[in-house]
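Trainee: Fold the following.
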Amino acid sequence: MKSAYATIKGFEVMRALRKGQGRAFNLQGGIKGEVRMIERAFGLGPCALAEAHTLTCEVMATSN
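Mentor: Have a look, this model is predicted:
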């Protein structure tokens, strides 16, 4: 059951990417952003809020 759930979830994430539904959650843009989004969907990477905070801090540090 666990592997079936992961497989179905993977199909759904890929379908959403293809349809462009994940743009709002793609913080970095491009392929790196898509990889990060997939990592978050499967619990492999940081949550979107933590990643947004990190990116905001980086942008603020470079603008000073």
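Trainee: how about the strands of the protein, start to end?
Mentor: Applying DSSP state E to the chain gives no strands.
Trainee: by contact count, what packs against the lowest-mean-pLDDT helix or strand in it?
Mentor: Within the chain, no helix or strand scores below helix 30-41, which has a mean of 76 by mean pLDDT, DSSP states H and E. Helix 30-41 is packed against helix 2-19, helix 48-63, with contacts defined by 3 or more CB pairs under 8 Å, 6 or more residues apart in numbering; DSSP states H and E. To be clear about C-beta, it is placed using only N, CA and C from the backbone, and glycine gets the same treatment.
Trainee: Give the buried residues for the last one.
Mentor: Along helix 48-63, these residues count as buried under the neighbour rule (16 or more other CB atoms under 10 Å): Glu51.
Trainee: Over to the first one?
Mentor: Of the residues in helix 2-19, those buried by neighbour count under the rule 16+ other CB under 10 Å are Val13, Leu17.
Trainee: what does it contact?
Mentor: With CB atoms under 8 Å, 6 or more residues apart in numbering as the test, helix 2-19 has contacts from Gly22, Glu34, Met37, Ile38, Ala41, Phe42.
Trainee: just the buried members of those?
Mentor: Among those, those buried by neighbour count (16+ other CB under 10 Å) are Gly22, Glu34, Met37, Ile38, Ala41.
Trainee: Make JSON lines out of those and add distance to Cys57.
Mentor: Below are the buried ones among the contacts of helix 2-19 laid out as JSON lines (distance: CB to CB, whole Å):
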{"residue": "Gly22", "distance to Cys57": "23"}
{"residue": "Glu34", "distance to Cys57": "22"}
{"residue": "Met37", "distance to Cys57": "20"}
{"residue": "Ile38", "distance to Cys57": "23"}
{"residue": "Ala41", "distance to Cys57": "24"}
